[in-house]
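A.B. asks: Model the structure of this input:
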Amino acid sequence: MAKKSIDWSPENWPSLIYRLFTSFKVATTVFVLLTLITLLGTLYQVEHGLHAAKEQYFYSWIIVEKVGTIPLLIPGGILLMWILFINMTLGALVKVKKRWKGVGLLVSHFGMLMLLAGAFITHKASSDGYMALYPGMKSNRVESYRDWQLEIMPLDDEGTAEKAWILPSDELQSIRSDEQRKYETEDLPFGIVINGFSQNATPIPVSAPMAAKAQGKEIDGFKLSQQQASKNAEQNLPGCYIELRPESGDPIETILWAGSFRFDPREKPMPFTFEVGGQKFGALLAKRTWVVPFEVQLDEFIFERHPGISTARNYESRITRLEESQPEKPVEIKMNEPMRYAGYTFFQESFGPQGSEPGDEMFSQFAVANNPADQWPLWSLVVTSAGLLLHFVIMLVSYIVRSFSSKPKAATAS
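C.D. replies: Take a look at the predicted model:
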């Protein structure tokens, strides 16, 4: 029998596209490719860290892998997830024939779609950061682990600022180490020129032998030495050359380095200060921050060590949650018992400062996550399991009914 030819005319393209995206072969191919990029991402993580692996393989549309000198294009995690979502939606929920025996499988597929949708929402809408407090301190501000931004602010006589001009982290961190970018704003009486940005760097004196290899201009006896990026992206200390160009007078040049930022909750940031037109200004690289709709006050930090060694056996925090319209709420946050409230989750993450001895006052550090789809994996598992259980029950009942109906009737005596 001759194989039926495919009609490639333009009017038939919607039908062909529909058949392609509902194909079982496409779903199988997607699962094979997902297995491949999971393997590649796991191997990549060993040398470059988890954050870099996620960005390279799972948060990308297309992955470029080199086989020798030949570039090989592989669909990234985002693209594969979208194809799988469309395939399951059209193939499992639209195309499939609706029968009462298939209700369980439909419910299970809906649960799987919830999981994929939850992953997309988490990627696009979630945020994560940390909050560190000493006992007695309170705050509603969360700091990013990895996102650094440029802040330039007018200073009063006491050296404090009420507002700042901010170059967002996405813009700043997209600048290459050999690139120059210029910025003008009506909020400041000078232009801003960034002459290269390094994701991980350290300033070194020009008298050091390694300064000869450092790129960039010498400023006040220092150069910015670019370092290899850390496997843990939150450990990188970025730096940049910055030039401030007032309308009149000589330009002001300096090196901004993230190492001048505070890493202890009680320390204040140390900006580079300068004066233009009689007004003092400060400039620094600072971590991106945002606020939560309530304050957290650390009342007590409990830290227990294993006997005879400095390794932590247990650490937990007793806090008070403060809101204007709500009474104070005491809460305990432990390593495996986070606080979930108003869409935010506070995990007991770490402590400091490093090298603390028994009896030293220590701060508690919380990992703060805001994920609208936080519980979606749990509910998708519940829905999928319920669908599979329903399918099993339907198949079992159907089997029992067929078994009884197929038995021959016993003969009766006359």
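A.B. asks: buried ones in the biggest helix by length in the chain?
C.D. replies: Secondary structure of the chain per DSSP state H: the longest helix is helix 376-406. Neighbour counts over helix 376-406 (16 or more other CB atoms under 10 Å) mark Trp376, Ser380, Val383, Thr384, Gly387, Leu390, His391, Ile394 as buried. Where C-beta positions appear, they are placed from N, C-alpha and C, glycine not excepted.
A.B. asks: So which bits of the strand or helix carrying Trp13 are buried?
C.D. replies: Using DSSP states H and E, Trp13 falls within helix 13-21. For helix 13-21, a neighbour-count test (16+ other CB under 10 Å) marks Phe21 as buried.
A.B. asks: Show me what the following helix or strand past that helix is in contact with.
C.D. replies: Toward the C-terminal end, the helix or strand that comes next after helix 13-21 (DSSP H and E) is helix 24-48. Contacts with helix 24-48, where a contact means CB atoms under 8 Å, 6 or more residues apart in numbering, come from 20, 52-54, 56-58, 63, 65, 74-77, 80, 83-84, 87-88, 91, 229, 231.
A.B. asks: Please check the residues you listed and keep the buried ones.
C.D. replies: Looks like these have 52-54, 56-58, 63, 74-77, 80, 83-84, 87-88, 91, 229, 231 buried, using 16+ other CB under 10 Å.
A.B. asks: quick one: which of those residues sit in helices?
C.D. replies: Per DSSP H, the buried ones among the contacts of helix 24-48 map to helices at Ala52, Ala53, Gly77, Leu80, Ile83, Leu84, Asn87, Met88.
A.B. asks: what's the closest of those to Ala201?
C.D. replies: Ala52 (17.3 Å; CB to CB).
A.B. asks: Please name the nearest non-neighbouring residue to the closest one.
C.D. replies: Nearest-residue entry for Ala52: Ala233, 6.7 Å, with adjacent residues in sequence omitted and distances by CB to CB, 6 or more residues apart in numbering.
A.B. asks: gap between stretch 100-107 and the chain center?
C.D. replies: From the chain centre to the centre of stretch 100-107 is a distance of 36 Å (CA atoms, centre = their mean, to the nearest Å).
A.B. asks: returning to what we had before: per-residue confidence for the residue nearest to Ala52?
C.D. replies: For Ala233, the model assigns a pLDDT of 81.
A.B. asks: before we move on, what about Ser414?
C.D. replies: The model's pLDDT for Ser414 equals 50.
A.B. asks: Report the mean confidence score over the helix holding Trp13.
C.D. replies: Helix 13-21 comes out with an average pLDDT of 81.
A.B. asks: What lies in contact with it?
C.D. replies: Counting by CB under 8 Å, 6+ apart, Ile6, Trp8, Val26, Ile83, Ile86, Asn87, Leu90, Gly91 sit against helix 13-21.
A.B. asks: where along the stretch 151-300 of the chain do the strands fall?
C.D. replies: In the stretch 151-300 of the chain, the strands defined using DSSP state E, counting those that start in this stretch lie at 165-167, 180-183, 190-198, 201-205, 222-226, 239-246, 252-257, 272-276, 279-305.
A.B. asks: Would you mind listing the buried residues in the second one?
C.D. replies: By neighbour count, and taking 16+ other CB under 10 Å as the criterion, the buried residues in strand 180-183 are Arg181.
A.B. asks: same for that strand, what does it pack against?
C.D. replies: Applying 3 or more CB pairs under 8 Å, 6 or more residues apart in numbering; DSSP states H and E, we find strand 180-183 packed against strand 190-198.
A.B. asks: the inter-axis angle of the strand it packs on versus strand 239-246?
C.D. replies: 170 degrees (axes from the mean of the first three to the mean of the last three CA atoms, to 10 degrees).
A.B. asks: now strand 190-198 and strand 222-226, what's the angle there?
C.D. replies: 50 degrees.
A.B. asks: Could you tell me how far strand 190-198 lies from the centre of the chain?
C.D. replies: 27 Å.
A.B. asks: strands paired with that strand, and their directions?
C.D. replies: Strand 190-198 has the following strand partners under DSSP bridges: strand 180-183 (antiparallel), strand 239-246 (antiparallel).
A.B. asks: Need the residues that contact the last one.
C.D. replies: Just to be clear, that refers to strand 239-246. Strand 239-246 has contacts (CB under 8 Å, 6+ apart) with 150, 172, 175, 189-198, 201-203, 216-217, 219, 224, 251-259, 274, 276-277, 283, 285.
A.B. asks: ok so, going back, which helices and strands does the longest helix of the chain pack with?
C.D. replies: helix 103-125.
A.B. asks: Residues contacting the helix it packs on, please?
C.D. replies: 59, 78, 81, 84-85, 88-89, 92-93, 96, 98, 371-373, 376-377, 379-394.
A.B. asks: Might you quantify the distance of it from its chain's geometric centre?
C.D. replies: 20 Å.
A.B. asks: Specify the angle between the next helix or strand after it and strand 279-305 in degrees.
C.D. replies: Going down the chain from helix 103-125, the next helix or strand is strand 127-133, by DSSP H and E. Orientation check (the same axes, to 10 degrees): strand 127-133 against strand 279-305 gives 80 degrees.
A.B. asks: got the angle for the helix or strand of the chain with the lowest mean pLDDT vs helix 77-88?
C.D. replies: When the helices and strands of the chain are scored by mean pLDDT, DSSP states H and E, helix 13-21 comes last with a mean of 81. Angle of helix 13-21 versus helix 77-88, following the same axes, to 10 degrees, is 100 degrees.
A.B. asks: Measure how helix 13-21 sits relative to helix 24-48, angle-wise.
C.D. replies: 60 degrees.
A.B. asks: how far out from the middle of the chain is helix 13-21?
C.D. replies: 35 Å.
A.B. asks: And for stretch 372-380?
C.D. replies: A distance of 17 Å separates the C-alpha centroid of stretch 372-380 from that of its chain, computed with CA atoms, centre = their mean.
A.B. asks: average model confidence for that stretch?
C.D. replies: 91.
A.B. asks: got the contact list for it?
C.D. replies: 111-112, 114-115, 117-119, 121-122, 125-126, 340, 343, 345.
A.B. asks: Look at that stretch and report the distance between its end residues.
C.D. replies: Stretch 372-380 stretches 14 Å from its first residue to its last (CA to CA, to the nearest Å).
A.B. asks: can you check stretch 333-349 too?
C.D. replies: Note: stretch 333-349 ends 10 Å apart using CA to CA.
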